[in-house]
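Q: below is the structure, and that's it, no one-letter string:
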C-alpha cells in the first residue's frame, strides 16, 4: 500500500547538538506504530518538526504523497495531520459538546460563521452525538470541562482529534496522567480508532505499546535505531544498549 | 553642522535621562513580571519633591536630589506592600488596571498638593550656563545628564555582574522558584530591586526635569516613552535598554528639531515600526 | 442496535440552550432601562445619549479584550475614527442623513479596526500594550495635524444632520437623538449576542484561552482575531457616529488616550467577557462621573484611580460578573 505519511532524512540541531539526526519513516493507512525512546531521545523535537511547529535544518515531511515541508502548522492540520497533546489542552469553560462541535466546524471551514448557535445545528450535533457517544462522554456532554475527570478529558482529546477526520494521527502519550482505573477506557478508545487511519503513538508505557502497536520505532540520541515488530524490539542489542547502556557503563566503570 | 551637533548632544542627554528613569522599570519587569504603568509617576514624585525641597525649603541641589530619591522610595514602599504584592503573577490586564489606577491617583493627588502648573527645580550655578569646548559650547546641564546616565549604567552593570546581590538577582530573573529553592530570599531581592528602581526613577525625574518638565500629567505623557524603552530594549537587559534609549532619544529629538509640527507623529510612527520589527525587543532578537 | 445508541446520543444533545427567550429578555431589559432613563432624566437626555454612545465603545472593547484576551489601551482610535468619518461625511461631503452618517461611521471604524488589528496583533504582552498606546497617540496627532479635514484642536463643528427618515428633526431636548440611540444600541446589542454565541464567538473564546490548541485544530488565531477587530471597529464606529449625530460636533477627545483608558475602566468595572457587564459598567461609571466631575477634573481622576484599584482588589469579575456569580451560586444552593 502507498505511504500516507513519510518522513525523509529529517535533521534539526540546537547549538551544534543534533537532536533529530537523519530520521526517516514511512506509514501506510491503517498502520499502528509506537514511537519509543529513552528520555532525551528527541521525541518531542521530532513531533514538533513533523507538526510544523519547528523548522527542520534539512529533510522532508510528506502527507498523502505531497511534501508539506514548507507548509505551516495550521495547514498541515487541514491536510489531515492531527496531533493530541501530552498534557490535555482543553477550554475549561466549554463543554465537551462545544469542543467537538468546534472541531467539526473547523474541519468543514465553518468555524468562522458568525450566526447560528451550533447547539441548534442538527447536522453538526448528530455528529457530535455519535463521536461523544462512542467515547462514552454522553452524560457529560453539557458540563464544563473543568468539572470532569482527567481520564474523561483525555477521551475528549481523542474525540476532538477524530472530529477533524485526520489521515494521520499523532498521539502524544495518550494515557499520561490517567489513573490506572481509567486506562482501560482509553485503550478501548484506541482500539476503536478508524481502520484506515495511520496512527503514530509516542508512549512510555510498554504494556500499552505492546497491546496497541503492530510496529515499534525506537529513537535514541536523535536517530532511529530500531524499526520492526514489537516481538523483536526487546531482543535487539542496540535497543538494549540504548536503554540499559548507561547502567552497563556505570557498572563497568565501578 | 551646528544643528547636527546640537541635535546629537540633546539626543544623547535625552536618551540618558530616559535610560536612568526606565532602567528600573526594565529590571522590575524582568524580575517580577509586573507591567508597571505607574513607573513614570514615581519619576514625577521625585521631581515634585526635589522642586519643593529646592524652592520652598531652599536646600542645595545635591541635597534636594537625595531627599527626592529617598522621599520617593519612602512613598513607594507602602504602595508596593499594599498594592503591588497583590498583582505579582496575575494576568497582564489586572496589572495594567492596577498600575494605571495608581497612576491616576498619583496624578490627582499631585495636582491637589502642588497645583496644575509646571514646577522647576533651580539648578546650582555650577550646572547653569554653558561649557566652551573650543569649537562649540554645550549647556553644562546636558553634560551633567549624560554623565549621570553613564554613571548609572556603569554602577548597575557592576552591581549586577560583579556582586553577590547581582548573582542572586540574575538567578531570580532566570528562575524564581529554583532560586528560592537554592536559598535565595526572593522577597528581599524583590523589595530591594523595587526600591532601587523607584529611586532611580526619582533620580532621573530630577536630573531630567529640564528636558521632561514636571507637571501633573507627566506620568501619562511619558508613560508610553518609558514602556517602549523597556519593550524595545527587552526586559531586564541593560545594554538593550541603553540602545533603545539612545535610538528613541535620537528619533524624538531629531523630530522636534527638524519637524516641530509633526515631531510626535513621527515619534509614535517610529515606535510602532520598531516594536513591529523587534516584537521581542532588541536584546531578544540577538539571542 | 447501533442506530438505537446513536438516537439516544442525539436526544439529550439537541436539547441544548437555544437562548431565544433570553435574547428577548435582554431586549426587554434594554428597552425598560431606556424608558426608565427617559422618565428619570427628561432634562438630561443628552447625557443618556452620550452614555449609549460610550456603551457602544465599551461593547466594542469587550469584543477584543473580554472575548479575545487582547489587552489594549488604544481602543478609542476605533470610536474616534467612526466619529470623524461621520462628521467629515456630513461637513465635507454633505452626507447629512443620520443613517448614512452611521454607515460612514461603521466604515471608518471598521477600517480603523483593521489597521489597529494588523498592528496590535503583531505582538503579545507588553509590546502589544505599547503598540496600542502608540497607535492612539498616532491617531490623535494625525487628526490634530489634518486640521483642514478635522478642524484640529477646535474640533469638527457644523455637523447638521437631517431629520431622521426625513420626519423626526433633532430637537433641542434631544428626544429624537435619544430614541435613535436606544434603537441603535438595541440593534447592536442583539447583533453581538448572536456573534458571541456563534461558532465564531466560540472560536474566539478558545483563542483567548489557548491559541496553540486552536492552531492544532487547524484554525488560524490571527485571522479570527483580525476579523473580530474589524467587527469591533464597526461597533465602535456606530458609537462614534451616534456621538457625532447627537452632539453635532467631533472633538479630539474622542481619539484620546484618556477615553481609551476610561473605556477599559468601564469594561472592567462592569465585568469583562459579558455584554451586560460592558453596558452596566458604562452606565455606572458615566452617571458617577456626571455626579462628581463637575467639581474638579483632577479629583475625578483620583477617584477613577481609586475605583480601579478597588475593583482589581475586591471585585475582579466586575459589578455584573460578581452579581451574576452570587446569583448563580444561590440558585445552585437552592437546588
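A: Structure received. Computed from a predicted model, the values in this text were never measured in an experiment.
Q: contacting residues around residue A:41?
A: A:219, A:220, A:221, A:222, A:242 (C-beta atoms under 8 Å, 6 or more residues apart in numbering or on different chains). In this view, the C-beta of every residue, glycine as well, is placed from N, C-alpha and C.
Q: ok, what's across the strand from the residue lying closest to the fourth one once chain neighbours are set aside?
A: Spatial nearest neighbour of residue A:222, excluding adjacent residues (C-beta to C-beta, 6 or more residues apart in numbering or on different chains): residue A:21 at 3.9 Å. When bridges are called by DSSP bridges, residue A:21 pairs up with residue A:11.
Q: got the contact list for residue B:65?
A: B:50, B:203, B:206, B:207.
Q: the same query, at a cut-off of 7 Å, please.
A: B:50, B:203, B:206 (C-beta atoms under 7 Å, 6 or more residues apart in numbering or on different chains).
Q: got a list of contacts for stretch A:157-166?
A: By C-beta under 7 Å, 6+ apart, the list of residues contacting stretch A:157-166 from outside reads A:77, A:80-82, A:84-85, A:88, A:99-100, A:103-104, A:107, A:131-132, A:135, A:137, A:169, A:174, A:189, A:197, C:217-218.
Q: next one: phi and psi at residue B:235?
A: Backbone torsions of residue B:235, given as degrees, to the nearest 10, read phi -60, psi 130.
Q: for it, give me its contacts.
A: B:26, B:29, B:30.
Q: same question, residue A:58
A: Residue A:58 touches A:9, A:11, counting by C-beta under 7 Å, 6+ apart.
Q: who does it bridge with?
A: Going by DSSP bridges, residue A:58 forms beta bridges with residue A:11.
Q: can you tell me how far it is from chain C?
A: 24 Å (C-beta to the nearest C-beta, to the nearest Å).
Q: check that residue and give its pLDDT.
A: Here, the pLDDT recorded for residue A:58 equals 91.
Q: residue contacts, the residue nearest to residue A:222?
A: Counting by C-beta under 7 Å, 6+ apart, residue A:21 has contacts A:11, A:222, A:223.
Q: does the second one really touch residue A:42, like I thought?
A: If I follow you right, that is residue A:222. Yes. The pair residue A:222 and residue A:42 passes the contact test of C-beta atoms under 7 Å, sitting 4.3 Å apart.
Q: can you list residues touching both of the two?
A: A:19, A:20.
Q: number of residues surrounding residue 75?
A: Reading this off chain A. In terms of burial, residue A:75 registers 14 neighbours under the definition other C-beta atoms under 10 Å in any protein chain shown.
Q: if you could check chain C rather than the one you did, that'd help
A: Considering only other C-beta under 10 Å, residue C:75 is surrounded by 33 other residues.
Q: measure the residue lying closest to it once chain neighbours are set aside to chain A for me?
A: In space, and not counting its chain neighbours, residue C:75 is closest to residue C:61: 4.6 Å by C-beta to C-beta, 6+ apart. Distance of residue C:61 to chain A, computed by C-beta to the nearest C-beta: 19 Å.
Q: what secondary structure does residue C:61 sit in?
A: At residue C:61 the chain is in helix, as set by DSSP: H, G, I helix; E, B strand; the rest coil.
Q: any regions of chain A where pLDDT drops low?
A: A:1, A:119, A:245-254 (pLDDT under 70).
Q: show me the contacts for residue A:91.
A: A:99, A:145, C:205, C:206, C:209, C:210.
Q: swap in residue A:54?
A: Here residue A:54 is in contact with A:12, A:45, A:48 (criterion: C-beta under 7 Å, 6+ apart).
Q: neighbours of the residue of the stretch 151-300 of chain C found nearest chain B, how many?
A: The nearest approach of the stretch 151-300 of chain C to chain B comes at residue C:298, 4.1 Å away (C-beta to the nearest C-beta). Using other C-beta under 10 Å, residue C:298 has 20 neighbouring residues.
Q: before we move on, what about residue B:86?
A: Neighbours of residue B:86 using other C-beta under 10 Å come to 15.
Q: list the buried ones in the biggest helix by length in chain C?
A: The longest helix of chain C (DSSP state H) is helix C:221-247. For helix C:221-247, burial by neighbour count (16 or more other C-beta atoms under 10 Å in any protein chain shown) applies to C:221, C:224-247.
Q: state the helix or strand in which the nearest residue to residue B:197 once chain neighbours are set aside lies.
A: Spatial nearest neighbour of residue B:197, excluding adjacent residues (C-beta to C-beta, 6+ apart): residue B:24 at 2.8 Å. Using DSSP states H and E, residue B:24 maps to helix B:2-32.
Q: burial count for residue 162?
A: You didn't pick a chain, so chain A it is. 23.
Q: should've been chain C
A: 17.
Q: what does residue C:125 give?
A: The burial count for residue C:125: 15, using other C-beta under 10 Å.
Q: confidence score at it?
A: 82.
Q: and it, its phi and psi?
A: phi 70, psi -140.
Q: that one touches residue B:92, doesn't it?
A: Yes. Under the criterion of C-beta under 7 Å, residue C:125 makes contact with residue B:92 at 6.2 Å.
Q: can you narrow the buried residues of helix C:221-247 down to the ones near chain A?
A: C:224, C:227 (C-beta under 7 Å from any C-beta of the partner chain).
Q: these two touch, right, residue B:104 and residue C:307?
A: No. At 9.0 Å, residue B:104 does not count as touching residue C:307 under the criterion of C-beta under 7 Å.
Q: give me the more crowded residue out of those two.
A: residue B:104 (30 against 19).
Q: residues near residue B:125, how many?
A: Residues near residue B:125, counting by other C-beta under 10 Å: 9.
Q: next: the one 4 residues further on.
A: Other residues lying near residue B:129 total 12 when counted by other C-beta under 10 Å.
Q: pLDDT wise, what is it at?
A: 78.
Q: right, and it touches residue B:140 too?
A: Yes. Using C-beta under 7 Å, residue B:129 is in contact with residue B:140, at 5.9 Å.
Q: going by distance to chain A, which of the contacts of residue B:65 wins?
A: residue B:203 (40.0 Å).
Q: how close does the closest residue to that closest one other than its chain neighbours sit to residue B:29?
A: Spatial nearest neighbour of residue B:203, chain neighbours left out: residue B:69 (5.3 Å); criterion: C-beta to C-beta, 6+ apart. Going from residue B:69 to residue B:29 by C-beta to C-beta, to the nearest Å gives 21 Å.
Q: check residue B:236 too.
A: 7 Å.
Q: for residue B:74, what are its contacts?
A: Residue B:74 neighbours (C-beta under 7 Å, 6+ apart): none.
Q: enumerate the residues of chain A near chain C.
A: A:73-74, A:77-78, A:83, A:89, A:91-92, A:97-98, A:102-103, A:105-107, A:110-120, A:125-126, A:128-130, A:132-133, A:138, A:141-142, A:164.
Q: which of these are buried?
A: Buried among the residues of chain A next to chain C (16+ other C-beta under 10 Å): A:73-74, A:77-78, A:83, A:89, A:91, A:97-98, A:102-103, A:105-107, A:111-114, A:117-119, A:125-126, A:128-130, A:132-133, A:138, A:141, A:164.
Q: of the residues you listed, which belong to strands?
A: Taking DSSP state E, the ones among these that sit in strands are residue A:83.
Q: residue A:201 in helix, strand or coil?
A: strand.
Q: next: residue A:227.
A: strand.
Q: all helices for the stretch 51-200 of chain B, in order.
A: Taking DSSP state H, counting those that start in this stretch, the helices of the stretch 51-200 of chain B run over residues B:61-79, B:85-87, B:92-114, B:140-162, B:164-174, B:176-181, B:186-207.
Q: please read the previous query as pertaining to the stretch 51-200 of chain A.
A: A:73-78, A:96-107, A:122-134, A:150-163, A:180-191.
Q: quick one: name the residues of the stretch 151-300 of chain C near chain B.
A: Counting by C-beta under 7 Å from any C-beta, the stretch 151-300 of chain C sits next to chain B at C:257, C:261, C:268, C:298, C:299.
Q: how does it look with 8 Å?
A: C:257, C:258, C:261, C:264, C:265, C:268, C:272, C:298, C:299, C:300 (C-beta under 8 Å from any C-beta of the partner chain).
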